[in-house]
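>>> Below are the sequence and a predicted model; questions follow.
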Amino acid sequence: MGSIGGARAMTVQELAGAIGKPDVPIQYVVREHNDQQLEAAVTAPVPVIDLSRLFEQEGDEAAKLRSALDSWGLILVSNHGVDAAVMDGMRTASREFFRRPLEEKQRYTNLIDGEQFQFEGYGNDRVRSPDQILDWTDRIYLKVEPEDERSIALWPAHPETFRDALHEFTKKCGGVKDSLLRAMAKLLELQDDDYFIDQLGDRASTHARCSYYPECPRPDLVFGLKPHCDGTVVTVLMVDDTVGGLQVLRDGVWWDVPVVPHTLLVIIGDQTQIMSNGIFRSPVHRVLTNAKKERISVALDYSVDPEREIEPSAQLVNEERPALYRKLKVKDYTTTLYDHFSKGEMVINKMRT
């Protein structure tokens, strides 16, 4: 919905209802898609980690977690403590928001005065150049933590359940994030299991991203979300419980990420890759479009306090494995990340020492 100037561009939801098959606007067409876009992908054997058993001495959940992180950079989590009612309520509230009239959704726009882009609000990515390839998605993006930095005016008042649903979903998922970060520190044999949690800082930022992917007449030409790595510590994602589309890249091959109802998908982000000195890696992933079905997802992006600096843990740096990444301020990294994302570029490799 962003624009470089002039009149507001149409949302993807508007486009999906207005265009005739098989046409899509040229700015959504991927210029180079000779990478399995037309081929059927195989479902990735991503293990499901039972969070309730992760810290048992005799169980094998920790070994499964390490294998999944080494192989895929993402995991599915069951028995995570987020009630099915909380998940269903958040998903339903998101779906109902996107079904509201456009005029109502526009009250929460991410364009100030119709032109100046802000990250929070309803819309889609900032358009930085006329030749930028756009994603076939609309979203509402909201800061949820720290709570005293919430812009409540941008939180939808309708459906009436939305604000409470998002607050409860955020609160419950925070425990999932903390448990996994402790388990990851333990796997790396760091001296303090709270190492990653402590690195987040007292003013760590969490953003909620509710994404809507309308039906697309040309799924062979258009991405729902272009290939990218997350710039987070971790992303906790509730995918659509019936419609797939998320894919992960491994060894040059795109794999479908399985849909397992009422699990949460956790994706390692660039910040963890830096702090773990490249041991845990942020996977390249993308979202495909669907000609017959719409898709909804809700993600929580967890990031270190933007005013803090991150670098590889000193405990993971030695003569055999020197520091792979330089120290950097999170706020500066995030700015660089968005600049590169709009161009379809990965920024993590530019942070090497």
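Yep, that arrived.

>>> List the neighbouring strands of the helix or strand bottoming out on mean pLDDT in the chain plus their orientation.
In the chain, no helix or strand scores lower on mean pLDDT, DSSP states H and E than strand 116-117, which sits at a mean of 80. Strands that pair with strand 116-117, judged by DSSP bridges, come out as strand 111-112 (antiparallel).

>>> Give the bridge partners for residue 256, please.
With DSSP bridges as the criterion, residue 256 is bridged to residue 43, residue 247.

>>> pLDDT score assigned to it?
On the pLDDT scale, residue 256 is placed at 96.

>>> Equivalent analysis for residue 178, please.
98.

>>> ok, now which ones touch the closest residue to residue 95 other than its chain neighbours?
For residue 95, ignoring the flanking residues on the chain, the nearest one in space by C-beta to C-beta, 6 or more residues apart in numbering is residue 296 at 5.2 Å. No exception for glycine: its C-beta is placed from N, CA and C like everyone else's. When contacts are counted by C-beta atoms under 8 Å, 6 or more residues apart in numbering, residue 296 touches 91, 94-95, 98, 210-213, 240.

>>> How about the lengthiest helix in the chain, which residues are buried there?
Longest helix of the chain, by residue count under DSSP state H: helix 162-187. By neighbour count with 16 or more other C-beta atoms under 10 Å, helix 162-187 contains the buried residues 162-163, 165-170, 172-174, 176-177, 179-187.

>>> can you map out the helices along the stretch 251-353 of the chain?
Using DSSP state H, counting those that start in this stretch, the helices of the stretch 251-353 of the chain run over 270-275, 330-341.

>>> gap between the residue nearest to residue 95 and residue 259?
According to C-beta to C-beta, to the nearest Å, residue 296 and residue 259 sit 12 Å apart.

>>> Need the residues touching each of those two.
With C-beta under 8 Å, 6+ apart as the test, residue 296 and residue 259 both reach residue 240.

>>> How far away from the center of its chain is the longest helix of the chain?
14 Å (C-alpha atoms, centre = their mean, to the nearest Å).

>>> cool, stretch 115-124 as well?
Computed by C-alpha atoms, centre = their mean, the chain-centroid distance of stretch 115-124 equals 17 Å.

>>> same deal with stretch 134-148?
For stretch 134-148, the distance to the chain centre is 10 Å (C-alpha atoms, centre = their mean).

>>> Please spell out which residues along that stretch are buried.
By neighbour count on 16+ other C-beta under 10 Å, the buried set for stretch 134-148 is 134-145.

>>> quick one: which of those residues is nearest residue 109?
residue 140 (9.8 Å; C-beta to C-beta).

>>> Okay, and the beta partners of the closest one?
Bridge pairing for residue 140 - DSSP bridges - gives residue 122, residue 210.

>>> quick one: low-confidence ranges for the stretch 201-350 of the chain?
340-345 (pLDDT under 70).

>>> Now do the strands in it.
Ranges of strands in the stretch 201-350 of the chain, per DSSP state E, counting those that start in this stretch, are 205-213, 223-228, 234-238, 246-250, 253-256, 264-268, 285-288, 295-303, 309-310, 328-329.

>>> related to what we said a few turns ago, of the buried residues of stretch 134-148, closest to residue 54?
Distance ranking of the buried residues of stretch 134-148 against residue 54, using C-beta to C-beta, places residue 145 first at 23.3 Å.

>>> what about the nearest residue to the closest one once chain neighbours are set aside, neighbour count?
Spatially, and ignoring its direct neighbours in sequence, residue 145 is nearest to residue 206 (3.8 Å; C-beta to C-beta, 6+ apart). The tally of other residues near residue 206 (other C-beta atoms under 10 Å) stands at 23.

>>> and what of residue 259?
Neighbours of residue 259 using other C-beta under 10 Å come to 17.

>>> what does residue 56 give?
Counted with other C-beta under 10 Å, the neighbours of residue 56 add up to 11.

>>> What of residue 250?
A count of nearby residues for residue 250, using other C-beta under 10 Å, gives 14.

>>> what sits against it?
Going by C-beta under 8 Å, 6+ apart, residue 250 touches 44, 71-72, 283.

>>> Residue 214 too?
By C-beta under 8 Å, 6+ apart, residue 214 lies in contact with 12-13, 15-17, 136, 138, 294.
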